[in-house]
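Engineer: Structure for this input, please:
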Amino acid sequence: MKVMVIVKATQSSESGELPDPELMKAMGKFNEELVKAGVMLSGDGLKPSSEGVRIRFSGKERSVTDGPFAETKELIAGYWVWEVESMKDAIDWVKRCPNPMIEDSDIEIRPFYELSDFAEIDPSGEIREHEASLRDEISMQTANVEPYLFFGGRCEEALKFYQNVLHAKVGLVMRHSDSPEPAPAGMLPEGFENKIMHTEFSVGKVKLMASDGCGESVKSDSSGYQLALTVPSEPVAQRVFDDLSKGGEIVMPIGKTFWSPFFGIVTDQFGVGWMVMVPAMNDCKC
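Structural biologist: A predicted model of the protein is given here:
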């Protein structure tokens with residue numbers, strides 16, 4: 001079950017008084033335990049009500065009132081969202097929590113409604129299906145798609161090439177020999193143990209992942225995909241395009257197009273296709 005764990009406001013939280021370092025450390029340790037146990041989904045502290053507003057609904061009228069608000073005991077200073085087995089499980093976790101305030105304080109636990117709770121008023125399931133669809137859409141809004149490149153044994157060579165040509169920044173590099181679990185017998189060709197099992201590198205603001213794979217052959221062309229590389233000026237685009245084309249193949253010579261002042265397509269020596277371009281309406285010639 002999912003619950004919201006509400007930290008009720010106190011005089012100190014409403015005055016904007018921050019907790020001391022010892023309490024911050026204790027709360028950080030408690031949060032770490034929640035995360036490691038797979039309980040904590042989210043959580044944050046809230047600024048005093050003096051920095052908030054309330055919107056009053058009365059028929060079609062809406063009125064806005066600036067904080068602070070009276071009745072401190074009715075306000076909240078922070079919250080968690082937890083996934084727990086039962087209300088008892090949530091209570092046990094709260095009992096382990098350090099007192100979040102410098103004075104006596106209260107923490108309230110409230111279970112979330114679940115879609116099944118509305119079965120009586122939604123016998124067809126239409127509303128629940130719509131809500132489930134919205135939740136799925138929300139979750140996909142935070143999804144991230146990143147290119148994963150396979151180099152068939154030339155990954156290290158490719159990394160050095162992109163570092164030189166594109167000033168790529170290489171992060172994690174894990175070789176097959178670094179794996180905590182050995183590869184199944186016959187999975188890797190002889191001599192492939194020191195090849196790159198997984199690496200991450202960035203070009204500009206984009207992160208890419210790459211691997212040598214497990215010895216399988218790699219297509220020599222990028223007919224199924226291309227990476228779009230946007231740079232700020234024509235001289236930079238020309239330099240990058242020329243360097244990427246060394247040992248590769250020019251698919252479309254770089255030059256002016258109706259959609260970009262400077263655009264070209266090249267497949268580099270590793271079979272990776274690049275669309276090099278300068279953004280439209282960019283008159284920089286630096």
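Engineer: quick one: low-confidence parts of the stretch 151-286 of the chain?
Structural biologist: The stretch 151-286 of the chain contains residues with pLDDT under 70 at 218-224, 281-286.
Engineer: can you give me the strands for it?
Structural biologist: 169-175, 196-203, 206-211, 227-230, 249-255, 262-267, 273-278 (DSSP state E, counting those that start in this stretch).
Engineer: If you count neighbours, what's buried in the third one?
Structural biologist: The neighbour-count check on strand 206-211 (16 or more other CB atoms under 10 Å) flags 208, 210, 211 as buried. To be clear about C-beta, it is placed using only N, CA and C from the backbone, and glycine gets the same treatment.
Engineer: cool, the first one as well?
Structural biologist: If you call a residue buried by 16+ other CB under 10 Å, then strand 169-175 has these buried ones: 173, 175.
Engineer: end-to-end on stretch 41-54?
Structural biologist: 26 Å (CA to CA, to the nearest Å).
Engineer: Centre of the chain to that stretch, how far?
Structural biologist: 23 Å (CA atoms, centre = their mean, to the nearest Å).
Engineer: hmm, who's touching it?
Structural biologist: 2, 5, 7, 9, 13-16, 31, 64-69, 75-83 (CB atoms under 8 Å, 6 or more residues apart in numbering).
Engineer: Redo the buried residues of strand 206-211 as JSON lines? Include distance to residue 112.
Structural biologist: Shown next, in JSON lines, are the buried residues of strand 206-211 (distance: CB to CB, whole Å):
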{"residue": "208", "distance to residue 112": "38"}
{"residue": "210", "distance to residue 112": "41"}
{"residue": "211", "distance to residue 112": "41"}
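Engineer: one step back: just the buried residues of the contacts of stretch 41-54.
Structural biologist: Neighbour counting by 16+ other CB under 10 Å classes 5, 7, 9, 13-14, 69, 75-80, 82 among the contacts of stretch 41-54 as buried.
Engineer: Narrow the residues you listed to those in strands?
Structural biologist: Cross-referencing the buried ones among the contacts of stretch 41-54 against strands under DSSP state E gives 5, 7, 76, 77, 78, 79, 80, 82.
Engineer: Among the residues you listed, which pair sits farthest apart?
Structural biologist: Farthest pair in those (CB to CB) is 77 and 82. Separation: 17.2 Å.
Engineer: Give the residue farthest from the middle of this structure.
Structural biologist: Centroid-distance maximum for the chain: residue 59 at 40.3 Å, with CA atoms, centre = their mean.
Engineer: can you count the residues close to residue 157?
Structural biologist: 12 (other CB atoms under 10 Å).
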